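Undergrad: Model the following, please.
(chains A and B)
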Amino acid sequence: MHNAIMPEKSLRSIPIIAFFIALLIKILLIVDLPIVDINKESLLVTELLNFSFYIQWWVNILFGVVIAGLIYYIALIILGKSQALIAASLYLVNPWSSYIEVSGSIYILDLLLFLSLFSGFLIKKNSRLSLGVILVSSLLLMYTSILNWVILPIIIFSLYKSGLIQGKKLKLYLFLLAIFLLPLLFITFENSQGIRNIYSNEITVFSDVGLFNTVNKYRGETKSSNFSTIGKFVENKYTYLTEHLLLSVMRQFTPLTYFTPQFRLLGFSFSPPVFLGFLIPFFWGIVLWLRNFKKSGWLSFAAASLMLPSILTKNSPDLARLILFSPVIFLITSEGIIDVTSDKRKIYRILFFLTIALVILQLFTVLPDIPARELQRYQMVFHQK
Amino acid sequence: MKSVLIFLIAFTILGGFLRLADITKNPVSLNIDEVAIGYNAYSILKTGRDEYGQFLPLSFKSTGDYKNPVPVYSMVPSIAVFGLNEFGVRLPTALFAILTIPLSFFLFFEITKKKKTSLIGSFLLSISPWHIYYSRYLSDTLIGTFFVMLGMLAFLRMLSTGKRYWVVISSLALVLSMYSYHPERIFVPLFVGTLLILKKGIVKLQKTNIVIFTILCAVLVLPIVYSMVLGPGAARAQMTWMGNDIEFTRNVLVKPLLEIPVLGSKSLLLFGFWARKYLNYFDPAFLFYNGLSMTMSGSYGLGIMYLFEIPWLILGIITLIRKKLSNNSLIAAWILIGIFPASLTNNEQHSGRTLFILPMMILISAIGLTEFIKLIKVFFKPYLSNIIFVIFLIFIAWNLTLALIIYSVHFPKEQGEAFMEGTKETVEYALANENNYREIVLDPYRGIEAPYIVSIPHMYILFYSKYDPHTYQNEVKMRPDGSFGFSKFTIRRIDWRVDRYKKDTLFIGSPWSLPKQDIKSEEILKKVYLSSGDLAFLIVAAK
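TA: Take a look at the predicted model:
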């Protein structure tokens, strides 16, 4: 990844202004979201959280601000100051984070912890602080979700391969982690049924009844045809489940998921997770990433592992789970924005202004649309009339 | 060059076999468009006029959807030779499809200047599920795609050679594509305009040719412009406009709110809705799982590309981005502009309306495959690369066998109703027993789940009876009671509570209009089933 230099003095202030505007927009989005009123009647929040809903709500908003700060810190080190401000602004301004925070999703806490973990690896000056942050984040992650038992090792391994963590430090980290994980190990053996329940709640990708019905129907049709024997090998439960998993993986990589309301936020919204206009710099960021793939290969692998929770859910892609991956989208987009603005050629200027125009257009659609229609959409989806 | 020719002939023969084998039986029945266009072609052949008596029209009113002229006129010779039947109707599309295979080689070569990649592309096209699907029944979209490819090849040749005959061929072919299928009317001008910008250096050297090309095109498309602005084309556009999409009006707009006339208004929401529809064409489910809608909705069937093409497509895109290939922006523009017309319509992902992007999707896949072979050879030792190739070949064999099963087994069972299966049997029964009844009533509403499909049984009667077009054109078809009919045939809803008392009348309808429990068993003369085993029609005479 390269550190682009802003061409003009006046342009340097753009990211800072953008950050404050983003913060303002975030407040506007949250204020207008009708989710709080809906949640008093409770469908989005479990009964368990019902009494302390406002606490949960405020904690998540606070987490959102901290997450923006962490994104800024990470991007500052790996990309540059301008990219950092833009990436943090993108997190704040886009509806995705606001919706997920306001719904009280646990994945906001997960995201905070993953970002803390990455930040820990990037602290170079104070080795103890670095180790402390990494260790605490890792432990909390391990105690938060079963899926993190898979994701965390992938991330640690990838960061080790990319050179962000040294062998000596890694050994100490693993040793301390192993000690603090002993209670978890104990709980796992003591209450294996509970762990199995958590597992089946978190990994639901193969629990779609419709999928098995389809397999059975197709098998029945093939059995009564000339392809009965070969059909057993070509068309069976395992091939269908593999196809299903592959589709789930691929859907995490399509712009449709991130830039349009195809997979609705919280199951009902028409607000896009990320404003469509940002698709232009995002693509440009992807092109830059592909051109520098050798340098960022292992980091990309670590980042991709954050898609696992969304891949392994029944209604994949799940934007609440996929919020873990959102900083990657914003980092790539910020890199694209800086590259587009730093090029003086006419086509880049056009692309930049097209981006801004589209974002403003969609922002002014979403802001009044939330109070006007989102409640009705929610009621239509959840039959609460 | 000799080996290229041998390969091309082999691919064409293979493609021909896949497109012609069992063509009259799979798809299981002629659909509404096939019988409507088939009968209009027959009418043109016999009288020079369409079913409404219009002399050599450029837009066929047909069932009210104003069909394009090229599919009708291209069917006339086939019907003259083979008769008004399934083969006569389906042959022209299959022939256009077979011709597309060698044509694709020349187009790919013109774009990439690479023989190997172009040959791989032609092979992939010959086995493409997308292309095979649309080549086995009358598809105006496939005919349009053929002319787009021919027109673009000629246009690129015109730019590279400056020869005048390419100007004529390109303008004729591109205009013919616009007379074949509606989305081409948006795609062709937009794409040609983009090409002129992309190749402005060459365009400056070919000013005269470009001027002649533009004048020729402008003159030839005048009837289309007239139709779009003042004629029925506008009505057709309105019918398919995305603003009428039920998903938009019901779930997005919720209700029109007068208090926010500008911000958050319908047009701004429509823009967001359009963006979603546009990007939806890149959904992996459409590309690789069920884009062709050959199986039941929501299940896995066949996408517009095979699953084994996933790595090739990804590698192809990466190669286009990372390497400076010739015409990479042309390939990207073809796809991005190609999706635009379909995204403006009121259907979720329509594989037919985007068929003209198929050549470029195939080309990217071919570029990816070329790169894939190179990468495997570079990164792995010979024995390992051989193992990888074998594994991949097994994967390909699995996917092709699955496609064959979907096509031969699931498609007829799942989509028989969409192809109006059963109507032919009912019509043949009616024609065979025509003399025994005073009136034959056919209910146009059918459907297994609910009677929501409006069919056109009269057109099947005209088609299978080879009804004299001259008589049909001059007959009064609206009856005094408001029903539609000709000769002994009446097309109207059946109300069995009233109709059960009508003697000497044959009733043909779905179990929704002819409820079995209300009909004596001796009154049911025939039951017609779909391939899926569901009861589609009852043929009943009150006793």
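
Undergrad: From now on I want contacts and neighbour counts done on CA atoms only, so please keep to that.
TA: Fine.

Undergrad: Okay, the residue of chain A found nearest chain B and A:Ala87: tell me how far apart.
TA: Nearest residue of chain A to chain B: A:Thr365, at 4.1 Å (CA to the nearest CA). From A:Thr365 across to A:Ala87, the span is 22 Å (CA to CA, to the nearest Å).

Undergrad: Was I right to think the residue of chain A closest to chain B contacts B:Leu270?
TA: No: the pair A:Thr365 / B:Leu270 is not scored as a contact, 10.2 Å apart, by CA atoms under 8 Å.

Undergrad: Neighbour count for those two, which is higher?
TA: Using other CA atoms under 10 Å in any protein chain shown as the criterion, A:Thr365 and B:Leu270 rank with A:Thr365 on top: 23 against 18.

Undergrad: Residue 129: what's it in contact with?
TA: Went with chain A since none was named. A:Leu129 is in contact with A:Gly120, A:Ile123, counting by CA atoms under 8 Å, 6 or more residues apart in numbering or on different chains.

Undergrad: other chain: chain B
TA: Counting by CA under 8 Å, 6+ apart, B:Pro129 has contacts B:Leu302, B:Gly303, B:Ile304, B:Met305, B:Tyr306, B:Ala403.

Undergrad: one more time with 10 Å
TA: B:Leu18, B:Ser135, B:Leu292, B:Leu302, B:Gly303, B:Ile304, B:Met305, B:Tyr306, B:Leu400, B:Ala403, B:Leu404, B:Tyr407 (CA atoms under 10 Å, 6 or more residues apart in numbering or on different chains).

Undergrad: Mind checking which of those are in strands?
TA: Judged by DSSP state E, those include no members of strands.

Undergrad: Using a markdown table, lay out these together with neighbour count and distance to B:Phe484.
TA: Below are the contacts of B:Pro129 laid out as a markdown table (neighbours: other CA atoms under 10 Å in any protein chain shown; distance: CA to CA, whole Å):
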| residue | neighbour count | distance to B:Phe484 |
| --- | --- | --- |
| B:Leu18 | 21 | 41 |
| B:Ser135 | 28 | 34 |
| B:Leu292 | 22 | 35 |
| B:Leu302 | 29 | 40 |
| B:Gly303 | 22 | 40 |
| B:Ile304 | 24 | 40 |
| B:Met305 | 27 | 43 |
| B:Tyr306 | 20 | 46 |
| B:Leu400 | 18 | 47 |
| B:Ala403 | 19 | 42 |
| B:Leu404 | 16 | 42 |
| B:Tyr407 | 20 | 37 |
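
Undergrad: Intersect the residues you listed with the contacts of chain A.
TA: For chain A, the contacts drawn from the contacts of B:Pro129 by CA under 10 Å from any CA of the partner chain are B:Leu400, B:Ala403, B:Leu404.

Undergrad: Would you check how far apart the residue of chain B positioned farthest from its centre and B:Ile387 are?
TA: Distance from the centre of chain B peaks at B:Lys381, with 45.4 Å (CA atoms, centre = their mean). Look at B:Lys381 and B:Ile387: by CA to CA, they are 10 Å apart.

Undergrad: Over to A:Ser103?
TA: 50 Å.

Undergrad: So for those two, which residue has more residues nearby?
TA: A:Ser103 (21 against 13).

Undergrad: is chain B contacted by the helix or strand hosting A:His244?
TA: A:His244 is part of helix A:237-251 when elements are defined by DSSP states H and E. Yes: Helix A:237-251 reaches chain B (CA under 10 Å from any CA) through A:Thr239, A:Tyr240, A:Glu243, A:His244, A:Leu246, A:Leu247, A:Ser248, A:Val249, A:Met250, A:Arg251.
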